[in-house]
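[1] Sharing a sequence plus its predicted fold:
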Amino acid sequence: MRRRLLVALTVFAAIAVLAFAVPLSLTIATSRTQQLVLARSGDADRFATLADAAVTGGDSRALADEVNRYHELYGENVLVVDARGATAVNAGADGTDPDIVAAVGAARRNQRPHAVAKLTPWGARTMLVARPVGTGVQVNGAVVIAASTARARGDIARDWVVIAVGGMVAMTLFMLLAVTLSRWVLRPLAALSHAVAQLTATLPKPRADTVAPVSLAGRHGGPPEMRALAESFDAMAFAVADSADAQRQLVADTAHAMRNPLAALTIRLDSLEPSIPRSAASTFRGAGAEVDRLTALLDGLLSLAVAETPAAFDLTRIADAHCDAVQVIADRYDAWCSAFGAADQELRVTPSPARAEAAVSAEVLAQILDVPLSNATRYAGPRARTELAVATEPGWVVLTVHDDGVGVRSDEIDKLTTRFFRGSSARTGGSGLGLPIAAALAQACGGTLTIEAQRPHGLAVQIRLPAAVAR
């Protein structure tokens, strides 16, 4: 891929350099040609004026002296003819040269001079400049200068060499920049491809009953390196998804498989209760409590496995999955009032907007809210006050459950959404899976669940969920 990128950048650089150098070279050649033409045209006009004066005054000595000095000084040939075409002054010119003959004839006919061809370093060595002698009504002869183009061509060649060297320097800089740019762009790509390949090699092989998705690289094309990276990334993503699904399935299968023996054990313990002597009653009750705790733990694992399975919550992602969070809060208030009263606590609902449409089903939102409400009744302590609040932000619905109970140590707050973690001040019981399940449900709905400490004491659970799109 680096070779192709360098070729493309080199072509673009060459086009850019040529697009600047070629017009500049042609402009320099045109300008130098015009300078030479203007200079020699002025000389020819001066000789034509002297020739016209010589015809009028009858003295051609001044004209001959001027032409000869010009020939000696510049080394350029000059030919002056009279009205009949006879040679009046000749300073090195070949009167039989067809080009000179044609130029003399055109000047005697007072024809407009032809445009001079643009000079080049390899162009003609001389350039003919012809002017008629006399006025436009009466032509008394013609002047032809065979101007040398050596100096002009040398100037053009020198300027073109400078432009060529500048173009080569620019191309060299462009190439260095292209190499640096290609390395800068492709080094992370190569590292990413290598890392993806290594990670894919360490992942478990896909199960036989799974079907790999169609490779995006094969459908969209692109450079071979990009296609290989896309294929490696697709394989890695499929392997990661399959591995995560296998882990969730393992948790669910394990929980399902263990519930049946636990149910049978519970039945046997219940049937043995009348036969247990009074001295062993406390131990028997402890065993039953541990069985109940293990059953609750398995139920929590099942709920967590389902919460972390995106396919189980497709209903939260479709357009019809929405509910009025204010109404759900009111329903949960009615459902939990008696439990808070039994725990000698107070439950309130703070003023809220009339409606707050959240992009989540009412069942899932109620399941999320039940977790912090249950924790408040169990751990906030007597005479604690818990408040439910709903607020709206652009694109979000924010629900808060906060209390003024005993709270949690500051170094333990970030661990409350960790599986199986229970605060040091928590009473016995509980599996440590409630808040992780609620956080997983909120994340599956596209939201977040965060926990913060209240001042001076207490705990606040904030649930941010996407707002439903208005129709």
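    Sure thing, it's come through.
[2] what number of residues lie near the closest residue to Asp414 other than its chain neighbours?
    Among residues not flanking Asp414 along the chain, Ile451 sits closest, at 8.0 Å (CB to CB, 6 or more residues apart in numbering). Every C-beta, even on glycine, is put in place using the N, C-alpha and C of the backbone. Applying the criterion other CB atoms under 10 Å, we find 18 residues in the vicinity of Ile451.
[3] Surely Ile451 is within a strand?
    Yes. Residue assignment for Ile451, taken from DSSP: H, G, I helix; E, B strand; the rest coil, places it within a strand.
[4] so how far is Val408 from it?
    In this structure, Ile451 and Val408 are separated by 8 Å, where distance is defined by CB to CB, to the nearest Å.
[5] any residues in contact with both of the two?
    Leu416, Leu459 (CB atoms under 8 Å, 6 or more residues apart in numbering).
[6] List the contacts of the residue nearest to Asp414.
    Ile413, Asp414, Leu416, Thr417, Leu435, Leu459, Ala460, Val461, Gln462.
[7] Mean confidence (pLDDT) on stretch 391-404, please.
    Summarised as a single mean, pLDDT over stretch 391-404 is 92.
[8] Can you give the contact residues for that stretch?
    With contact meaning CB under 8 Å, 6+ apart, stretch 391-404 is reached by 325, 329, 352-353, 356-358, 365, 369, 372-373, 376, 380, 384-390, 447, 454, 457-467.
[9] Give me the distance from that stretch to the chain's centre.
    Counting by CA atoms, centre = their mean, to the nearest Å, stretch 391-404 is centred 34 Å from the centre of its parent chain.
[10] so after the worst-scoring helix or strand of the chain on mean pLDDT, what's the next helix or strand?
    Counting by mean pLDDT, DSSP states H and E, the chain has its least confident helix or strand at helix 216-220, which shows a mean of 50. Along the chain past helix 216-220, the next helix or strand (assigned with DSSP states H and E) turns out to be helix 224-272.
[11] now that following helix, how far from the chain's geometric center?
    In terms of CA atoms, centre = their mean, the centre of helix 224-272 is found 37 Å from the chain centre.
[12] do the same with stretch 129-140
    Between the mean C-alpha location of stretch 129-140 and the chain-wide mean there is a distance of 72 Å, by CA atoms, centre = their mean.
[13] Show the average pLDDT along that stretch.
    The model assigns stretch 129-140 a mean pLDDT of 81.
[14] Equivalent analysis for stretch 439-448, please.
    Across stretch 439-448, the average pLDDT comes to 87.
[15] do stretch 73-83 as well
    What stretch 73-83 shows for mean pLDDT is 88.
[16] and the end-to-end length of it?
    One end of stretch 73-83 sits 28 Å from the other (CA to CA, to the nearest Å).
[17] So which residues make contact with it?
    Applying CB under 8 Å, 6+ apart, the set of residues contacting stretch 73-83 is 47, 51, 55, 63, 67, 70-71, 87-95, 100, 104, 108, 133-134, 139-148.
[18] Please compute how far it lies from its chain's middle.
    Taking CA atoms, centre = their mean, the mean C-alpha location of stretch 73-83 is offset from the chain mean by 71 Å.
[19] Equivalent analysis for stretch 109-124, please.
    Going by CA atoms, centre = their mean, the spacing between the C-alpha centre of stretch 109-124 and its chain's C-alpha centre is 56 Å.
[20] Return the set of buried residues in that stretch.
    When neighbours are counted by 16 or more other CB atoms under 10 Å, the buried residues of stretch 109-124 are found to be Pro113, Val116, Leu119, Thr120, Pro121.
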